[in-house]
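Participant: no sequence for this one, just the structure:
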C-alpha cells in the first residue's frame, strides 16, 4: 500500500512536530514510532488475509522485541515505513498518545502546536469535543423551558412534578423514567445501551460501553418532550390538563396544546415497528451453478462439501430475509421476553470467547464488553435475522465467520433459525439468544452493523505501562490468552 508523496509529506511534517513539541524522551518517541509501524504492518497483513487469523501463541519477550524493532517489508519487497502508515491512522495514534502521556494542563496546547495548519485534522482534540448527544437539540419551539433562567428546574424536579400530578403507579413511573434514559442512550450511529426490564436501569450507549445512563444524563429539552408524550400515552384523559399545567407552568394553555400536538406529530412520524415482509422460505432447486459454487467454497476454505453446502444454503436464506425492518429496540418484545423468563423459560447463553468486533479473533482483554446479566433481550427474531443479513451483506463479516463467533453452534442450527418468519418465531433458539448477545456487545462498544473491524489493540494500551516501568526496565508480561501484541511497548530501549 504505497503512500502518495503528498501523504508522506504530511506524515513527515506531523512526526517532526510531534518530536519537537511533545517534550517526551527520544527513546520513548523512537519506541512509539516502532510500535506504530509494527501495528499498521500487522493490520494490513491481517486485511490481506481474507480468511482471518486466529492466533493464540505467545512470543517470548526477546523475540517480540526483535520483531517490533526489525525492518518490516511489503509484498513487493520494499521496506514498510512510517510513510506507509495511513495519515488518519497516524493522526489517531499521535492524538491518543498526547492524551495518555502529556499532562492534562498542557495537552491541548501541545495538540494545537502539533496539528495547527495540517489539513485533514480536527480543530479540537477529542478531550475537548462534545460527547455524542443527538437529542440535545430542541425538537419543538416549546422543548426548552420559557421560564426565567433563575427559576428553571432540572430533570429530577420536573419528573417529581409529573409523578405527583399524574397519580400513576410506581411501576409505570419507573418505566417512563427508564425509557427516557434508554432512548437517550442511543448514539448518532443508531446503537443503543442495554436495559434491565425489571429495574429499568440502563447501561452503556453514547456515554460509554459500561457507563450507567440515568435521567440526569438526558438533555432537559428531551425530558420535557417525553413527559409531554407520557401525558398523551399514560395519563388518564380527565387528568391530562391538570398534569400538563403542573409540569409546564412556563407555557400558556394554548402553547401547551401546540406543544402536545407537535410532540404527537414527531412520534407519529417515527419509524414504527412493522412486521417484516414475508418472503416465504423455500428450498431452491439445485443446479450446475449451485454445485459449482459449493465446490468453489469447499476448495477456497479447505472444508468438506457438506460444510460448503451449508454456507450456500445460509446465503440463500439471507436473500429471503427482509433487511428493511426497523432495527430500533422493540420495547414490546422486551416485555414479552421478561414475562417468559418470569414463567421459568430457560435462557440459552454460554461463555463467549470470540470477539464481536473482529472476525475470527479471540476476545481481547479490555477490548470487549459483556452484556450485563440483568439486561433483557431488546430485539425480536425478525430484527435479529435482518441484523445478520446486514452484517454479512453490508458489513465486514462472512456468514462463516459469524457462525464461528456464536461459540459452538452449527450451520444447520443457523439455517433453521434464518428460515423462520415472525417476531417470536425462533425465540427459544440458541442461535437467536447468542446472536442477540453478539449484536448487543457490538452495540455497547459503539459498532453499527456495517462498521469495519477496529485495528489491533490500541498502540496506547501497548505503551501504557511505560509510565510505571520506565524506559530502562520492562515489566513482566501477563499470562493468559491476551493478544501476543499486548506487551510490545513494554520493551527496554536500546
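Facilitator: Structure received. Keep in mind that what you see is a predicted model, and the values were worked out from it rather than measured.
Participant: how near is residue 290 to residue 312?
Facilitator: For residue 290, the distance to residue 312 equals 7 Å [CB to CB, to the nearest Å]. Where C-beta positions appear, they are placed from N, C-alpha and C, glycine not excepted.
Participant: more crowded one of these two?
Facilitator: Each of residue 290 and residue 312 has its neighbours counted (other CB atoms under 10 Å); residue 312 has more, 19 against 15.
Participant: all strands for the stretch 51-200 of the chain, in order.
Facilitator: Ranges of strands in the stretch 51-200 of the chain, per DSSP state E, counting those that start in this stretch, are 72-73, 79-80, 194-196.
Participant: let's have the ones you listed in JSON lines, adding mean pLDDT.
Facilitator: Converted to JSON lines, the strands of the stretch 51-200 of the chain look like this (pLDDT from 0 to 100):
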{"stretch": "strand 72-73", "mean pLDDT": "87"}
{"stretch": "strand 79-80", "mean pLDDT": "90"}
{"stretch": "strand 194-196", "mean pLDDT": "92"}
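Participant: looking at those strands, which is nearest to residue 159?
Facilitator: Of all those, strand 194-196 sits nearest to residue 159, with 17.5 Å by CB to CB.
Participant: against which helices or strands is the helix or strand that comes right after the closest one packed?
Facilitator: Remark: after strand 194-196, the chain's next helix or strand is strand 201-203, criterion DSSP states H and E. For strand 201-203, the packing partners by 3 or more CB pairs under 8 Å, 6 or more residues apart in numbering; DSSP states H and E come out as helix 170-184, strand 194-196, strand 212-213.
Participant: what about residue 446, how many residues nearby?
Facilitator: Neighbours around residue 446, by other CB under 10 Å: 17.
Participant: what are the phi and psi values at the nearest residue to it once chain neighbours are set aside?
Facilitator: Spatial nearest neighbour of residue 446, excluding adjacent residues (CB to CB, 6 or more residues apart in numbering): residue 191 at 5.8 Å. The phi and psi values for residue 191, taken as degrees, to the nearest 10, are phi -90, psi 140.
Participant: residues in contact with residue 191?
Facilitator: Contacts for residue 191 (CB atoms under 8 Å, 6 or more residues apart in numbering) come out as 205, 442, 443, 444, 446, 447, 448.
Participant: out of those residues, who has the most neighbours?
Facilitator: residue 443 (31 neighbours).
Participant: was I right about that residue contacting residue 186?
Facilitator: No. The pair residue 443 and residue 186 fails to qualify as a contact (CB atoms under 8 Å) at a distance of 9.6 Å.
Participant: any common contacting residues for those two?
Facilitator: Shared contacts of residue 443 and residue 186, defined by CB under 8 Å, 6+ apart, are found at residue 192.
Participant: so for residue 162, which of the helices and strands packed on strand 201-203 sits nearest?
Facilitator: Minimum separation from residue 162 across the helices and strands packed on strand 201-203 (CB to CB) falls at helix 170-184, 8.0 Å.
Participant: other SSEs contacting the closest one?
Facilitator: Packing contacts for helix 170-184, counted by 3+ CB pairs under 8 Å, 6+ apart, involve helix 155-166, strand 201-203, strand 212-213, helix 220-233.
Participant: winner for burial among those?
Facilitator: Of these, the one with the most neighbours on average (mean count of other CB atoms under 10 Å) is strand 201-203, at a mean of 24.
Participant: quick one: least confident helix or strand in this protein?
Facilitator: Lowest mean confidence among the helices and strands of the chain (mean pLDDT, DSSP states H and E): helix 466-469, at a mean of 43.
Participant: so the nearest residue to residue 317 once chain neighbours are set aside is in which element?
Facilitator: Closest residue to residue 317 apart from its sequence neighbours, by CB to CB, 6+ apart: residue 418 at 4.0 Å. Using DSSP H and E, residue 418 sits in helix 411-419.
Participant: so for that helix, mean pLDDT?
Facilitator: Here helix 411-419 scores 95 as its mean pLDDT.
Participant: please identify the buried residues of that helix?
Facilitator: Neighbour counts over helix 411-419 (16 or more other CB atoms under 10 Å) mark 411, 413, 414, 415, 417, 418, 419 as buried.
Participant: tell me where the stretch 101-250 of the chain is predicted with low confidence.
Facilitator: Low-confidence segments of the stretch 101-250 of the chain (pLDDT under 70): 129-130.
Participant: 90 - rerun?
Facilitator: Across the stretch 101-250 of the chain, the ranges flagged by pLDDT under 90 are 101-107, 116-132, 149-152, 197-198, 207-211.
Participant: residue 246: how many residues sit nearby?
Facilitator: Residues near residue 246, counting by other CB under 10 Å, number 14.
Participant: apart from its neighbours in sequence, what residue is nearest it?
Facilitator: Distance criterion CB to CB, 6+ apart; nearest residue to residue 246, sequence neighbours excluded, is residue 165 at 4.0 Å.
Participant: which residues does the one you found contact?
Facilitator: 239, 242, 243, 246, 247.
Participant: now these: which count as buried?
Facilitator: Those of those that meet the buried threshold are 243, 247, by 16+ other CB under 10 Å.
Participant: so of the contacts of residue 165, which ones are in helices?
Facilitator: Among the contacts of residue 165, DSSP state H puts 239, 242, 243, 246, 247 in helices.
Participant: can you tell me how far the fourth one is from residue 163?
Facilitator: Spelled out, it's residue 246. 10 Å.
Participant: residue 167 - how many residues pack around it?
Facilitator: Neighbourhood size, residue 167 [other CB under 10 Å]: 11.
Participant: list the contacts of it.
Facilitator: By CB under 8 Å, 6+ apart, the neighbours of residue 167 are 236, 239.
Participant: same question for residue 377.
Facilitator: Residue 377 neighbours (CB under 8 Å, 6+ apart): 333, 334, 337, 433, 436.
Participant: that one: helix or strand, and which one exactly?
Facilitator: Per DSSP H and E, there is no helix or strand for residue 377.
Participant: give me phi/psi at it?
Facilitator: Here is the backbone geometry of residue 377 (degrees, to the nearest 10): phi -70, psi 120.
Participant: repeat that for the one 3 residues further on.
Facilitator: Main-chain torsions, residue 380, degrees, to the nearest 10: phi -90, psi 180.
Participant: re earlier: ok, of the contacts of residue 165, which one's closest to residue 74?
Facilitator: Minimum separation from residue 74 among the contacts of residue 165 (CB to CB) is found for residue 247, which lies at 64.5 Å.
Participant: okay, buried residues for stretch 292-299 please.
Facilitator: Applying a neighbour-count criterion of 16+ other CB under 10 Å, one finds 293, 294, 297, 298 buried in stretch 292-299.
Participant: and if you look at stretch 72-86?
Facilitator: Burial within stretch 72-86, assessed by neighbour count using 16+ other CB under 10 Å, is assigned to 72, 80, 81, 82, 83, 84, 85.
Participant: please report how far the second one lies from residue 44.
Facilitator: Taking CB to CB as the criterion, residue 80 is separated from residue 44 by 8 Å.
Participant: with the first one instead?
Facilitator: Separation of residue 72 from residue 44 (CB to CB) stands at 10 Å.
Participant: just to revisit the earlier point, let's have the helices and strands packed on helix 170-184 in JSON lines, adding distance to residue 140.
Facilitator: Below are the helices and strands packed on helix 170-184 laid out as JSON lines (distance: least, CB to CB, whole Å):
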{"stretch": "helix 155-166", "distance to residue 140": "16"}
{"stretch": "strand 201-203", "distance to residue 140": "24"}
{"stretch": "strand 212-213", "distance to residue 140": "23"}
{"stretch": "helix 220-233", "distance to residue 140": "7"}
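Participant: out of the ones you listed, which is closest to residue 375?
Facilitator: The nearest among those, by CB to CB, is strand 201-203 at 6.5 Å.
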